[in-house]
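1. Need a 3D model of the sequence below.
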Amino acid sequence: QRVGFIRYNAFDDMGSELSFSIALLDNFKNGFVISSIYGRDNTVCYGKPIKDGECNIPLSAEEIIALDRAIKGENI
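-> Numbers count the residues shown, from 1 in each chain. So this is what the prediction gives:
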(Lines give C-alpha, C1' and ligand atoms only; values in the text may rest on other atoms or scores of the structure.)
Protein backbone atom coordinates (compact mmCIF):
# COMPACT_ATOMS: atom_id res chain seq x y z
CA GLN A 1 0.00 0.00 0.00
CA ARG A 2 3.02 2.25 0.49
CA VAL A 3 6.11 2.18 -1.69
CA GLY A 4 9.41 4.03 -1.47
CA PHE A 5 12.13 3.55 -4.10
CA ILE A 6 15.64 4.87 -4.72
CA ARG A 7 18.29 4.05 -7.33
CA TYR A 8 21.95 4.78 -6.67
CA ASN A 9 25.57 3.94 -7.37
CA ALA A 10 26.81 1.70 -4.58
CA PHE A 11 30.46 2.18 -5.60
CA ASP A 12 32.29 5.27 -6.82
CA ASP A 13 33.62 3.57 -9.97
CA MET A 14 30.17 2.41 -11.13
CA GLY A 15 27.70 4.37 -13.23
CA SER A 16 24.07 4.21 -14.34
CA GLU A 17 22.63 3.87 -10.82
CA LEU A 18 22.24 0.07 -11.07
CA SER A 19 21.78 -0.49 -7.32
CA PHE A 20 18.42 0.11 -5.66
CA SER A 21 16.43 -0.07 -2.43
CA ILE A 22 12.67 -0.43 -2.29
CA ALA A 23 10.45 -0.27 0.80
CA LEU A 24 7.05 -1.99 0.68
CA LEU A 25 4.72 -1.25 3.60
CA ASP A 26 1.11 -1.69 4.58
CA ASN A 27 -0.99 1.05 6.22
CA PHE A 28 0.36 0.00 9.63
CA LYS A 29 3.95 0.68 8.47
CA ASN A 30 4.78 -3.04 8.48
CA GLY A 31 6.59 -4.69 5.59
CA PHE A 32 10.15 -4.93 4.33
CA VAL A 33 12.99 -3.23 2.49
CA ILE A 34 14.73 -5.01 -0.37
CA SER A 35 18.11 -3.81 -1.59
CA SER A 36 20.13 -4.89 -4.59
CA ILE A 37 23.79 -3.86 -4.63
CA TYR A 38 25.32 -4.07 -8.09
CA GLY A 39 29.07 -4.58 -8.46
CA ARG A 40 31.38 -5.43 -11.33
CA ASP A 41 31.91 -9.04 -10.20
CA ASN A 42 28.60 -9.82 -8.50
CA THR A 43 25.26 -8.51 -7.34
CA VAL A 44 23.93 -9.04 -3.83
CA CYS A 45 20.25 -8.82 -2.91
CA TYR A 46 18.90 -8.83 0.63
CA GLY A 47 15.83 -7.88 2.65
CA LYS A 48 15.14 -6.41 6.06
CA PRO A 49 11.86 -6.52 8.02
CA ILE A 50 10.01 -3.35 8.98
CA LYS A 51 7.59 -3.20 11.93
CA ASP A 52 5.81 0.00 12.93
CA GLY A 53 8.06 1.95 10.54
CA GLU A 54 11.28 0.74 12.14
CA CYS A 55 13.84 -1.98 11.54
CA ASN A 56 15.74 -3.98 14.18
CA ILE A 57 18.65 -4.31 11.71
CA PRO A 58 20.75 -1.24 10.83
CA LEU A 59 19.64 0.39 7.56
CA SER A 60 21.91 1.98 4.97
CA ALA A 61 21.42 5.64 4.07
CA GLU A 62 19.61 4.60 0.87
CA GLU A 63 17.34 2.16 2.72
CA ILE A 64 16.43 4.94 5.15
CA ILE A 65 15.48 7.17 2.21
CA ALA A 66 13.34 4.42 0.65
CA LEU A 67 11.62 3.76 3.99
CA ASP A 68 11.02 7.47 4.59
CA ARG A 69 9.52 7.85 1.11
CA ALA A 70 7.19 4.90 1.73
CA ILE A 71 6.07 6.25 5.11
CA LYS A 72 5.44 9.71 3.62
CA GLY A 73 3.71 8.27 0.55
CA GLU A 74 6.35 9.60 -1.87
CA ASN A 75 6.52 6.89 -4.54
CA ILE A 76 9.38 8.49 -6.48
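
2. For the rest of this, base every contact and every neighbour count on C-alpha atoms.
-> Fine.

3. SS state for Lys48?
-> Look at Lys48: counting by DSSP: H, G, I helix; E, B strand; the rest coil, its state is strand.

4. Tell me which residues touch it, please.
-> 32-34, 55, 57 (Cα atoms under 8 Å, 6 or more residues apart in numbering).

5. again, only using 7 Å
-> 32-34, 57 (Cα atoms under 7 Å, 6 or more residues apart in numbering).

6. next one: Ile22
-> By Cα under 7 Å, 6+ apart, Ile22 lies in contact with 4-6, 33-35, 66.

7. As JSON lines, the residues you listed with neighbour count, pLDDT and distance to Ser16 would be great.
-> Output for the contacts of Ile22, formatted as JSON lines (neighbours: other Cα atoms under 10 Å; pLDDT from 0 to 100; distance: Cα to Cα, whole Å):
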{"residue": "Gly4", "neighbour count": "24", "pLDDT": "96", "distance to Ser16": "20"}
{"residue": "Phe5", "neighbour count": "23", "pLDDT": "96", "distance to Ser16": "16"}
{"residue": "Ile6", "neighbour count": "20", "pLDDT": "96", "distance to Ser16": "13"}
{"residue": "Val33", "neighbour count": "23", "pLDDT": "98", "distance to Ser16": "21"}
{"residue": "Ile34", "neighbour count": "17", "pLDDT": "98", "distance to Ser16": "19"}
{"residue": "Ser35", "neighbour count": "23", "pLDDT": "98", "distance to Ser16": "16"}
{"residue": "Ala66", "neighbour count": "28", "pLDDT": "97", "distance to Ser16": "18"}
